[in-house]
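Visitor: just a sequence and a predicted model for now, questions to come.
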Amino acid sequence: MKQLIGVDLGGTSLRAARMDTGGHILQHHSVATAATAGPEAVAAQIVALVEQVMGDISRSDIQGVGIGSPGPLDPFEGVVFRAPNLKGWVDVPLRAMLEKGIGLPVVLGNDGNAAALGEWHMGSGKGCRDFIYIGLGTGIGGGIITNGQLLLGRKGAGGEVGHIQIEGSGPVCACGQVGCWEAFASGINFARWATETLQSQPESALYAQAIAGKVTPADIFAAAVQGDAPALDCVRREGEYIGRGLVSLLHLFSPERIALGGGVMAGAALLEPHVRRVIETQAMEPFRDVEIVYAHHGEHAGVIGAAALLLS
Ligand SMILES: [Zn+2]
């Protein structure tokens, strides 16, 4: 079997890895992304990183290079429309730019879909025909595998799970709308509303921190473990928000299994009963026995997912 190379293009760091088709990392490297230097400079960084992780392996032993990038992008045309954290990135034909420099087939995909493919082919979703991966990090991203295929939709823009609406009002989301799942349940939004809530709860050990505006999900989980009632209540609310989005996905796609990943899942054990309770009370009866698992790929999720784009 040929080996795969995955590149995780982030606003802060650029990571690349060579692996086998089981997702076992053989070589990896990362550099700080030249985020302000424009697309040509970043493309040159990617070409150099790919050379590095290739080592002395021949090109004929490599199937290709998968690039996971924040969207919006067109995976069919290999074009990144915009990358919010990269200066000057508008309609960048990244695949064409890289294929020239790398001399191998290049596949481009959004990072949420990439992570879903990584879990499906090489992790928590192995063997499923219908599988959903949800990453709860800064935002909410993910991917939907339905009937044995990644759901892409027109322009490859489908599966924007973070923007399903769970409320009719609330804070404005990064997309400009209100009520999005991401605007309630993602890591930064969990921190935002929990900080606001704890500012009126002097009985919480996190009160002073909340007044200073600095409560993180990790702080909330730590306080909850200590039995801090207001922190436990924040965990309950977060679990319920997560559960509500999952209920919509269950009804639409009826997956066999849902894998949850991302930074918020550091509190998985605390969140799980609340997530489960929402599914058991709000999902229709035939959907309630869905398997909820935790993503397998931690630190290397980005590069493994990017490489898995080659397998879809
Ligand atoms: Zn939104």
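Guide: Now that the structure is in, tell me what you want to look at. Residues are numbered from 1 along each chain as shown.

Visitor: just give me the neighbour total for Ser13.
Guide: Neighbour count of Ser13, defined by other CB atoms under 10 Å: 13. Yep, even glycine has a C-beta here, placed from its N, CA and C like the rest.

Visitor: what's the spacing between it and Asn113?
Guide: Ser13 is 20 Å from Asn113, where distance means CB to CB, to the nearest Å.

Visitor: now swap in Gly159 and tell me
Guide: Applying CB to CB to Gly159 and Asn113 gives a distance of 6 Å.

Visitor: which of those two has more neighbours?
Guide: Asn113 (29 against 23).

Visitor: name the helix or strand of this protein that has the lowest mean pLDDT.
Guide: Among the helical and strand segments of the chain, the one scoring lowest on mean pLDDT, DSSP states H and E is strand 79-82, with a mean of 92.

Visitor: check which residues of that strand are buried.
Guide: Buried positions in strand 79-82, judged by neighbour count with 16 or more other CB atoms under 10 Å: Val79, Val80.

Visitor: can you tell me the strand partners of the helix or strand that it is followed by and which way each runs?
Guide: Next along the chain after strand 79-82, taking DSSP states H and E as the criterion, comes strand 90-92. Strands that pair with strand 90-92, judged by DSSP bridges, come out as strand 79-82 (antiparallel).

Visitor: contacts for the partner strand?
Guide: Contact with strand 79-82 is made by 39, 69, 71-74, 89-95, 108, as judged by CB atoms under 8 Å, 6 or more residues apart in numbering.

Visitor: what residues does the protein put near the ion?
Guide: His163, Cys173, Cys175, Gln177, Cys180 (CB under 5 Å from the ion).

Visitor: for the last one, give its distance to Glu280.
Guide: When CB to CB is applied, the distance between Cys180 and Glu280 equals 24 Å.

Visitor: related to what we said a few turns ago, list the residues that contact both of Gly159 and Asn113?
Guide: Common neighbours of Gly159 and Asn113 (CB under 8 Å, 6+ apart) are Gly142, Gly143, Leu150, Leu152.

Visitor: need those in a markdown table (columns: neighbour count and secondary structure).
Guide: Output for these, formatted as a markdown table (neighbours: other CB atoms under 10 Å; DSSP: H, G, I helix; E, B strand; the rest coil):
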| residue | neighbour count | secondary structure |
| --- | --- | --- |
| Gly142 | 27 | strand |
| Gly143 | 30 | strand |
| Leu150 | 22 | strand |
| Leu152 | 19 | coil |
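
Visitor: looking at those residues, which is nearest the ion?
Guide: Nearest to the ion among those: Gly142, at 13.5 Å, using CB to the ion.

Visitor: partners of the closest one in the sheet?
Guide: With DSSP bridges as the rule, Gly142 is bridged to Ile134.
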